[in-house]
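Asks: could you look at this predicted model? Sequence included:
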Amino acid sequence: MWALKAEGLTFRYGELELFRDLDLELEPGAVRAVLGPSGSGKTTLVHLLAGILPLPSGRLWWGEVEVGRRSEEELARLRRERVGLVFQHHYLLDELTALENVLVPGMIAGRPDPGWARRLIERVGLAAHAHQRPDTLSGGERQRVAVARALYPRPRVVLADEPTGALDRANARRVKDLLLELAGENGAAVLLATHDEALVQGLPAWRIEDGRLVGG
Ligand SMILES: Nc1ncnc2c1ncn2[C@@H]1O[C@H](COP(=O)(O)OP(=O)(O)OP(=O)(O)O)[C@@H](O)[C@H]1O
């Protein structure tokens with residue numbers, strides 16, 4: 001069984017065709033970088049795979065569940081349970097502490113587990129900062145909170161779009177390493193889209209070419 005699978009994905013913005021009959025499959029625990037220059041469609045691909053952009057054609061699965069056509073509400077619930085998202089911008093809530101931000105997915109689901117949230121905050125090296133608000137943390141620390149929050153629901157797959165794009169080299173590596181470690185410990189597959197080839201050196205990678213993914 002796969003953690004993430006897409007079949008026959010075609011997508012265009014007007015005249016600009018970004019994907020043509022694209023297939024992909026990630027097994028549980030697998031890691032793939034998605035590489036491509038600016039404008040090649042990395043963000044668009046992540047948004048399609050996250051169900052943020054509706055699929056105009058093709059099929060998408062998160063684990064054994066086919067995403068298909070669903071109400072916004074149902075899609076949001078499924079995504080919260082099955083998909084961890086990390087973007088270049090952290091999207092943390094400024095009025096909550098770091099720990100509370102990690103717990104948010106559990107509160108929305110009505111099953112908060114503060115012990116698990118605390119363990120994740122510890123794992124990303126922020127135990128001493130658990131009760132600080134995001135606006136009092138550094139950029140790298142905020143991204144580590146975002147990584148912990150993405151892993152909180154124990155998702156099948158983590159989709160990351162330039163998660164280290166706003167960070168210096170050392171912080172970028174630390175955030176990327178933590179993302180892969182935590183995902184690995186929890187059996188989540190990771191798809192990491194970036195233009196930064198040095199960051200993902202040594203990882204299996206797909207490149208966007210002619211509307212498909214090659215390599216890997
Ligand atoms: N809403 C939109 N309407 C029309 N064209 C769009 C839209 N969003 C993106 N595009 C175009 O689609 C192409 C792919 O954009 P996308 O943001 O997916 O690329 P990317 O590889 O993530 O780029 P970057 O690394 O610069 O973020 C670009 O040429 C962009 O101009």
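Replies: Perfect, I can see it now.
Asks: get me the contact residues on this protein for the ligand.
Replies: Y13, L16, L18, G36, S38, G39, S40, G41, K42, T43, T44, H195 (C-beta under 6 Å from any ligand atom). C-betas here are computed from N, CA, C, even on glycine.
Asks: so which bits of the top helix by length along the chain are buried?
Replies: When the chain is parsed with DSSP state H, its longest helix is helix 169-185. The neighbour-count check on helix 169-185 (16 or more other C-beta atoms under 10 Å) flags N171, A172, R174, V175, K176, L178, L179, L180, L182, A183 as buried.
Asks: and for stretch 74-82?
Replies: Applying 16+ other C-beta under 10 Å to stretch 74-82 flags L75, L78, R79, R80, E81, R82 as buried.
Asks: columns distance to R142 on top of the residues you listed, output as TSV?
Replies: Converted to TSV, the buried residues of stretch 74-82 look like this (distance: C-beta to C-beta, whole Å):
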residue	distance to R142
L75	27
L78	27
R79	22
R80	20
E81	24
R82	24
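Asks: which of those residues fall within strands?
Replies: Judged by DSSP state E, those include no members of strands.
Asks: which of these sits closest to H131?
Replies: Nearest to H131, judged by C-beta to C-beta, of these is R80 at 24.3 Å.
Asks: please list all residues in contact with the closest one.
Replies: P105, I108, A109, P153 (C-beta atoms under 8 Å, 6 or more residues apart in numbering).
Asks: for the second one, which non-adjacent residue is spatially closest?
Replies: Closest residue to I108 in three dimensions, ignoring its sequence neighbours and counting by C-beta to C-beta, 6 or more residues apart in numbering: R80, at 6.4 Å.
Asks: regarding the nearest residue in space to A150 that is not next to it in sequence, what is its secondary structure?
Replies: Once flanking residues are discounted, A150 sits nearest to G84: 3.3 Å by C-beta to C-beta, 6+ apart. Secondary structure state of G84, per DSSP: H, G, I helix; E, B strand; the rest coil, is strand.
Asks: for the most centrally placed residue in the chain, what are its contacts?
Replies: Residue closest to the average C-alpha location in the chain (C-alpha atoms, centre = their mean): L159, at 2.3 Å. Applying C-beta under 8 Å, 6+ apart to L159 gives the contacts V46, L49, A50, V83, G84, L85, V86, L191, A193.
Asks: go through the residues you listed and name the one nearest A6.
Replies: Sorting those by how near they are to A6, with C-beta to C-beta, puts L49 at the top with 6.3 Å.
Asks: quick one: that closest one from G187, how far?
Replies: According to C-beta to C-beta, to the nearest Å, L49 stands 18 Å off from G187.
Asks: tell me which of those two has more neighbours.
Replies: More crowded of L49 and G187, by other C-beta atoms under 10 Å: L49, with 25 against 12.
Asks: quick one, phi psi at that one?
Replies: phi -70, psi -30 (degrees, to the nearest 10).
Asks: name the SS class of the nearest residue to it once chain neighbours are set aside, please.
Replies: Leaving aside its chain neighbours, L49 sits nearest to L159 (5.7 Å; criterion: C-beta to C-beta, 6+ apart). Secondary structure, three-state DSSP: L159 is strand.
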